[in-house]
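> Sequence and predicted structure, then a few things I'm wondering about:
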Amino acid sequence: MQILQKTIELLEKVNAKDISVYEFSNTNPFYDYFVVCTVNDRASNSAIGYFNKALKSEIKHIEGKGQTGWLLIDLGDVIVHLFSEEQREFYGFDKRFLELKKTI
């Protein structure tokens, strides 16, 4: 839970919008939470720096660097998805996981 709380704090620092947390702890053996948020490209790049500084030892993998509109940061039990508005709408995580949603 500490990693989840730190993740939320870091996302708030980069002005992420619409932060949502989806809990999978009882349904998935690989991770406990998906954190989904909306950011612009600049915030996405800033997030990499913040996460590398604050949670470097927890980072398993970062995928989607650059201007793809979707950055994934794997923290083991917490998977962070930073989307542009367009990509968030396109992939529809919020609709798929509505029954699991916990909004921050």
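That came in fine, so what should we check first?

> If we ignore the residues flanking it in sequence, what's nearest the residue most central in space within the chain?
Per Cα atoms, centre = their mean, the C-alpha nearest to the average position across the chain is that of V80, at 2.2 Å. The spatial neighbour of V80 that comes closest, neighbours along the chain excluded (Cβ to Cβ, 6 or more residues apart in numbering), is I73 at 4.1 Å. The way it works is simple: take the backbone N, C-alpha and C, and place the C-beta from them, glycine included.

> same deal with K60?
Closest to K60 by Cβ to Cβ, 6+ apart is D74, at 4.2 Å.

> Check the secondary structure at the residue lying farthest from the centre of the chain for me.
Distance from the C-alpha centroid of the chain, by Cα atoms, centre = their mean, peaks at N26 (19.3 Å). Recorded secondary structure, N26: coil (DSSP: H, G, I helix; E, B strand; the rest coil).

> Tell me how far it lies from R96.
From N26 across to R96, the span is 17 Å (Cβ to Cβ, to the nearest Å).

> Then R42?
For R42, the distance to R96 - Cβ to Cβ - is 27 Å.

> Show the residue spans covered by the helices in this structure.
Along the chain, the stretches classed as helices by DSSP state H are 2-13, 41-54, 85-91, 93-96.

> Rebuild the ones you listed as CSV, extending it with mean neighbour count, mean pLDDT and distance to G69.
Converted to CSV, these look like this (neighbours: other Cβ atoms under 10 Å; pLDDT from 0 to 100; distance: least, Cβ to Cβ, whole Å):
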stretch, mean neighbour count, mean pLDDT, distance to G69
helix 2-13, 16, 96, 16
helix 41-54, 16, 88, 8
helix 85-91, 15, 95, 4
helix 93-96, 13, 88, 13
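
> so which of those comes closest to D32?
helix 2-13 (7.9 Å; Cβ to Cβ).

> would you list the helices of the chain in CSV and tack on distance to S20?
Below are the helices of the chain laid out as CSV (distance: least, Cβ to Cβ, whole Å):
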stretch, distance to S20
helix 2-13, 11
helix 41-54, 16
helix 85-91, 10
helix 93-96, 6
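
> Q67 is nearest to which of these?
Of the helices of the chain, nearest to Q67 by Cβ to Cβ is helix 41-54, at 5.4 Å.
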